[in-house]
Structure formats: C-alpha cells, structure tokens
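>>> Fold the following for me, if possible:
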Amino acid sequence: MNVNSNLRNLLLILFIGIPLYLNAQQNRFIGGLLLNINGIEFKGRDEAQYWNSNNTGKEIGGTLGFSAGLFVKREFTKKIYSTFEFRYINKGSIYGFTNQYSMRSFETLFLNYIELPVLIGYKIKPYKRFFYFESGIAYAKLISSNMHASDMTNRITPNTEAFKKADFSWIGSLRFPLVIKWQKNFLFGLRVSHSILSIHKYYKLYNFDYGIELNYMFN
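Numbers count the residues shown, from 1 in each chain. As a prediction, the model looks like this:
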C-alpha cells in the first residue's frame, strides 16, 4: 500500500470538500487552515536512559518542528464552540553531547504523526478583539520517524522502532487576532501539548510540544 499516495488523496478530498460543505452549512460551521511552528521535546523519567546519556557535557532538550492541516469549528452558542482538526505534526527531541574529539555533537529524532485533535473552546471579547481559549484531547498516528546524527558521532544511536504507533495527548491553546480588522480571517495563537500516556514501549517518555500558530478561516 502506498501510504504517501493515499495521504495525498485524502488531503485533496479534505481541501476540496470542507469549503463546499461549510458553504452549504453557512453560519453553523467555520473551517480553515492552520500552520504551527513548535518547540518539541521528550519529558519523562527515562529520557537519559533512552539517549544512553553517559557522555560529559550532555544536554537533552528541545528542537524545532512544524505542523499544518485543516480545522472545522462548530458554534453551539455565541461563546462556546468545538473544533475538530486534521493535521500533520512533527514531534521528537534532540540530544547534545561532547564526542570523542571534544567537539559538540547532536542526535535529533523526529516522530511524524497524523493527528486528530478535538477541542472545546470559549470565546470572550474584553477589548475590541476576540480571545479564544481552547482545551481538549488528540489522537495521533505515527507514520514515520527520522534520526539525524552528527557526522563525527561514533556511538550507537537509540533505536527508533520501539515507539508506539499511537499518541494520546492533552492540548491547550489561546488564539487571538493581531490585527483587529482581519480577525474574521486571521488568528494568531499559542499552543501547548503533552502526551497523556507514554509513547515508548520500554521507556517512560512523553511528547511535549509548544509553539505559535497561525489560522486562516474561510469566512
């Protein structure tokens, strides 16, 4: 089965179908596009064990990832709504250490998911602009993983095969317009996500993602 081909077909159907469906539903539904730039890292008691962290000058921390996709918002009242998202998202972490040549080396692991968040939102308008507070849960399906190691590294890199295929996470976000006259179409956001269950079969590891978001709404 060609996963990439099927994914492209699904995205094409969503990009064409969602605007048509929303146009038919008029004010009951609002849809749009989203783009995130995220800080991504692992949390959990077994971080050092996973990275086999025995080197001097070791450092386990976050790196950059991105996320993009579609969303549909359903308004229940003037203030309360729900949002369903379909997104491609990078998760993972980075490990930096001093190698055998006394130089800094890095190993970066990217876990690539298709994620389906379901959020409940509350809208307020304290000053001329709307603020959207959202919280919810997400199911993510691991579709690929990539380990990038420095050329000077002479050690066994961690195994990437034992990560679970599913990630269940909590999400919280705040969105608002940077420019009031564009608030019907463009929103800027801050977003954080943390795995509810361990993402690894043997180690206690959790995805932790945080970053900024840009939304475009089909109004």
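>>> just the helices in the chain please.
Counting by DSSP state H, the chain has helices at residues 3-25, 47-50.
>>> Least reliable of these by average pLDDT, please.
Mean pLDDT per stretch puts helix 3-25 lowest among the helices of the chain, at a mean of 54.
>>> how about low-confidence regions in this protein?
Scanning the chain for pLDDT under 70 picks out the ranges 1-27, 53-59, 151-157.
>>> Tell me where the longest strand sits in it.
strand 104-124 (DSSP state E).
>>> Next, the contact list for the residue nearest the centre of the chain, please.
Nearest to the geometric centre of the chain sits I89, at 4.5 Å (Cα atoms, centre = their mean). I89 is in contact with N36, N38, G65, F66, S67, G69, N112, Y113, I114, E115, A140, D209, counting by Cβ atoms under 8 Å, 6 or more residues apart in numbering. Glycine gets a C-beta too; all of them are placed from N, C-alpha and C.
>>> do K43 as well
H194, S195, L205, Y206, N207, F208.
>>> number of nearby residues for the nearest residue to N36 once chain neighbours are set aside?
Nearest residue to N36, sequence neighbours excluded (Cβ to Cβ, 6 or more residues apart in numbering): S67, at 3.9 Å. S67 has 23 neighbours, counted by other Cβ atoms under 10 Å.
>>> Over to the one 4 residues further on?
The burial count assigned to F71 is 20, neighbours taken as other Cβ under 10 Å.
>>> Now do the residue nearest to I114 when sequence neighbours are not counted against N52, distance only.
Closest residue in space to I114, ignoring its immediate chain neighbours: K141 at 5.0 Å, by Cβ to Cβ, 6+ apart. Going from K141 to N52 by Cβ to Cβ, to the nearest Å gives 28 Å.
>>> between those two, who's got more neighbours?
Neighbour count, other Cβ under 10 Å: between K141 and N52, N52 has more, with 15 against 12.
>>> For the more buried one, give its distance to T98.
For N52, the distance to T98 - Cβ to Cβ - is 14 Å.
>>> State the number of residues packed around the nearest residue to S198 once chain neighbours are set aside.
For S198, ignoring the flanking residues on the chain, the nearest one in space by Cβ to Cβ, 6+ apart is K204 at 5.1 Å. Using other Cβ under 10 Å, K204 has 16 neighbouring residues.
>>> Please tell me I have it right and K204 contacts G44.
Yes - under the criterion of Cβ atoms under 8 Å, K204 makes contact with G44 at 4.4 Å.
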